[in-house]
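Student: sequence plus the predicted model coming up.
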Amino acid sequence: MLSKMSDTQNFRPVSYSRTTLTELMIPSYANFGGKIHGGILLSLMDKVAYACAAKHAGNYCVTVSVEGVNFLQPVEVGELVSLKASVNYVGNTSLMVGIRVIAENVKTGNVKHTNTSYFTMVAKDDEDKSAQVPGLILETREDGRRFLEAIRRRELSRRYQTELDNTKTIIQVEKELHLLEAQRCQITF
Ligand SMILES: CC(C)(COP(=O)(O)OP(=O)(O)OC[C@H]1O[C@@H](n2cnc3c(N)ncnc32)[C@H](O)[C@@H]1OP(=O)(O)O)[C@@H](O)C(=O)NCCC(=O)NCCS
């Protein structure tokens, strides 16, 4: 069932742009402790988000915001990292790509889930102006669940951002210095 938008020509199914990127974790990706740098994983996530978003949009896309980057487990050299991306939500010019990252030990077959993150991207036309993206055809109940989750995620993110902005402006350092007494800091001003 399509939404009330009548332009049925300009809709694409979630499956059209679903993308998986798999990469072997090589020694140059590791930090001094032998674990893979978070920045390497972020870069791979950005790459797969771009591929998925651009395929759906039929246009170049830029990354606007990233949510849910919590690395739950370390990734080791020699593991195969797979990033599974799909468009979870579309607005007018923006879309949200959900990315599930797993790391597999090829010797033991052990697979661990390292993180699931959400990239909001905006499509750009040839003049670098924001461009409308095609609507999304939700083919499965899971597609529908993800779209609904994305609506809530966007709303929560907006409220959180507003709260955060307000918090920055209402902090009165002199009045709140006592709150630092229980913290692990030394005040030298
Ligand atoms: C993304 C960008 C085009 C938005 O520009 P803007 O003037 O705020 O445009 P708009 O207000 O029309 O917003 C465009 C869309 O982005 C969405 N958007 C803007 N800021 C957002 C944010 N912080 N989080 C989520 N979505 C956001 C809007 O909701 C809107 O979506 P919609 O068209 O689906 O309703 C602009 O901020 C930009 O070019 N940023 C740099 C992006 C970039 O270079 N990324 C690479 C990282 S270096």
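Tutor: Everything's here; your move. A quick note: this is a predicted structure, and the numbers were derived from the prediction, not measured.

Student: shaky segments in this protein?
Tutor: Applying pLDDT under 70 to the chain flags the ranges 1-9.

Student: would you list the phi and psi of the residue nearest the centre of it?
Tutor: Residue closest to the average C-alpha location in the chain (Cα atoms, centre = their mean): Y118, at 2.3 Å. When read as degrees, to the nearest 10, the backbone of Y118 gives phi -130, psi 120.

Student: hmm, it is touching S94, no?
Tutor: No. Counting by Cβ atoms under 8 Å, S94 is not a contact partner of Y118; they are 11.8 Å apart. (Glycine included, C-beta is placed from N, CA and C.)

Student: could you pull out the helices for the protein?
Tutor: 14-17, 38-57, 141-170, 173-176 (DSSP state H).

Student: ok, K55 to S82 distance?
Tutor: Using Cβ to Cβ, to the nearest Å, K55 is found at 18 Å from S82.

Student: quick one: contacts for G98?
Tutor: 85-86, 88, 116-118, 146, 150 (Cβ atoms under 8 Å, 6 or more residues apart in numbering).

Student: out of those residues, the closest to the ligand would be?
Tutor: Y118 (9.9 Å; Cβ to the nearest ligand atom).

Student: and the residue lying closest to that closest one once chain neighbours are set aside, how many neighbours does it have?
Tutor: Nearest residue to Y118, sequence neighbours excluded (Cβ to Cβ, 6 or more residues apart in numbering): E67, at 4.5 Å. E67 is flanked by 17 other residues according to other Cβ atoms under 10 Å.

Student: dump the residue contacts of E67.
Tutor: 117-120, 153, 157.

Student: counting neighbours, which of those comes out on top?
Tutor: So for the contacts of E67 (other Cβ under 10 Å), the most neighbours sit at F119, 26 neighbours.

Student: contacting residues for the closest residue to that residue other than its chain neighbours?
Tutor: Using Cβ to Cβ, 6+ apart and skipping residues adjacent in sequence, the residue nearest F119 is A49, 3.8 Å away. Contact analysis of A49 by Cβ under 8 Å, 6+ apart lists 63, 85, 97, 99, 119, 121.

Student: of the residues you listed, buried ones?
Tutor: 85, 97, 99, 119, 121 (16 or more other Cβ atoms under 10 Å).

Student: with respect to F71, which of these is nearest?
Tutor: Nearest to F71, judged by Cβ to Cβ, of the buried ones among the contacts of A49 is I99 at 12.9 Å.

Student: residue numbers of the chain in contact with the ligand?
Tutor: Residues of the chain lying close to the ligand (Cβ under 6 Å from any ligand atom) are 62-65, 91-94, 120, 122, 130.

Student: now for those residues: which two are most distant?
Tutor: So for the residues of the chain next to the ligand, where distance means Cβ to Cβ, the most widely separated pair is T63 and N92, at 17.3 Å.

Student: distance check, the closest residue to A85 other than its chain neighbours against the ligand.
Tutor: Excluding the flanking residues, the one nearest A85 by Cβ to Cβ, 6+ apart is C52, at 4.0 Å. Using Cβ to the nearest ligand atom, to the nearest Å, we find C52 at a distance of 16 Å from the ligand.
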